[in-house]
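1. Sharing a model prediction with you, sequence too.
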Amino acid sequence: MPPDGPPLRLIDSHAHIQGPEFSADIDEVVRRARAAGVEKIVVVGGAGELSSNDDALAIAKGDRGLFATVGMHPHDAKDVSEENLQRLQQLAAEPKVVAIGETGLDFYYDHSPRDVQKRLFARFIHMARETRLPLIVHDRDAHADIAELLRNEGGGALRGVIHCFTGDYAAAKTFLDLGFYLSFSGILTFKNAAALRDAARRAPLDRILVETDSPYLAPVPRRGKRNEPAFVLHVAETLAAVRQTAPGEIADATSRNAEALFGI
């Protein structure tokens, strides 16, 4: 909670609170988020197992302020079958599902071959087009390849967000020019993130979101702890400091943006 006045109105646009890290205290995690001003949480599927999508949807159905997405992380692209994709297409029709993803490319770890990652990413781009849902994109050391696939496969009818954006302003402008939002995480608070903070300062106010990527990437001053949606407050406060504006303005703008993108 901010030190003075009521809580800010925040939306955590990317959290994996359906995972085992939260199985013992998920209700308390959501309560702490609400106490910190987090009115809505987008629970993102596709991390690790196909079942994470069903789990995200189950959690979202139990709380009017929670929403789900369906996809598969690029790490696991090599294990995704045609049957899996058909299942995700079915889940995408659920009213509580507000986006396709996360999906994308990860050329840092290369847990799946790059050509396999690209093929799966293209399939999810097509799924987003078919369902008319926004796309949540994971980008790790793959800016150019992701931009090329979004251009070539998106058909000009694609909207979405580059989640946990970590690039410089040149990369940011590439994605902004494609009509995408940028979502900033706890990395924005890290000491060595000067180029990222410059991008966050220069990006249009109506095209930015905030997220935690819980349970990962806890922001300063919570580094080393399990991340959770309540901590998105620290991201919003840092973003406000970087842009030399009030935290309330950032909270209101990023919440409006998330509501517009996800239809929530």
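-> Ah, there it is.
2. alpha carbons only for contacts and neighbour counts from here, please
-> Will do.
3. what's the burial count for A93?
-> 12 (other Cα atoms under 10 Å).
4. ok, it to A99 distance?
-> As for A93, its distance to A99 is 10 Å (criterion: Cα to Cα, to the nearest Å).
5. What of Y181?
-> Relative to A99, and taking Cα to Cα, Y181 is found at 13 Å.
6. same check, this time on F231
-> 23 Å.
7. In this structure, where's the longest helix?
-> If you go by DSSP state H, the chain has its longest helix at helix 114-131.
8. Output it as CSV - backbone C-alpha positions only.
-> Extracted in CSV, the C-alpha atoms of helix 114-131 (Å, rounded to 0.1, in the frame of the first residue of the first chain):
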residue,chain,number,x,y,z
ARG,A,114,14.5,-22.5,-32.6
ASP,A,115,12.7,-23.7,-35.7
VAL,A,116,10.2,-25.6,-33.5
GLN,A,117,9.7,-22.5,-31.4
LYS,A,118,9.0,-20.5,-34.5
ARG,A,119,6.5,-22.9,-35.9
LEU,A,120,4.6,-23.1,-32.6
PHE,A,121,4.6,-19.3,-32.2
ALA,A,122,3.1,-19.0,-35.7
ARG,A,123,0.3,-21.4,-34.7
PHE,A,124,-0.5,-19.3,-31.7
ILE,A,125,-0.5,-16.1,-33.8
HIS,A,126,-3.0,-17.8,-36.0
MET,A,127,-5.1,-18.9,-33.0
ALA,A,128,-5.1,-15.3,-31.7
ARG,A,129,-6.4,-14.1,-35.1
GLU,A,130,-9.0,-16.8,-35.3
THR,A,131,-10.3,-16.2,-31.7
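9. What's the mean pLDDT across it?
-> Helix 114-131 carries an average pLDDT of 98.
10. same thing with stretch 48-64?
-> If you average the pLDDT values across stretch 48-64, you get 95.
11. List the buried residues in it.
-> Buried residues in stretch 48-64, counted by 16 or more other Cα atoms under 10 Å: L50, S52, N53, D54, D55, A56, L57, A58, I59, A60, K61.
12. which one among these gets closest to G263?
-> A60 (14.6 Å; Cα to Cα).
13. can you give me the offset of the host helix or strand of the closest one from its chain's centre?
-> Applying DSSP states H and E as the criterion places A60 in helix 51-61. Between the centre of helix 51-61 and the centre of its chain there are 16 Å (Cα atoms, centre = their mean, to the nearest Å).
14. First-to-last residue distance for stretch 62-72?
-> End-to-end distance (Cα to Cα), stretch 62-72: 23 Å.
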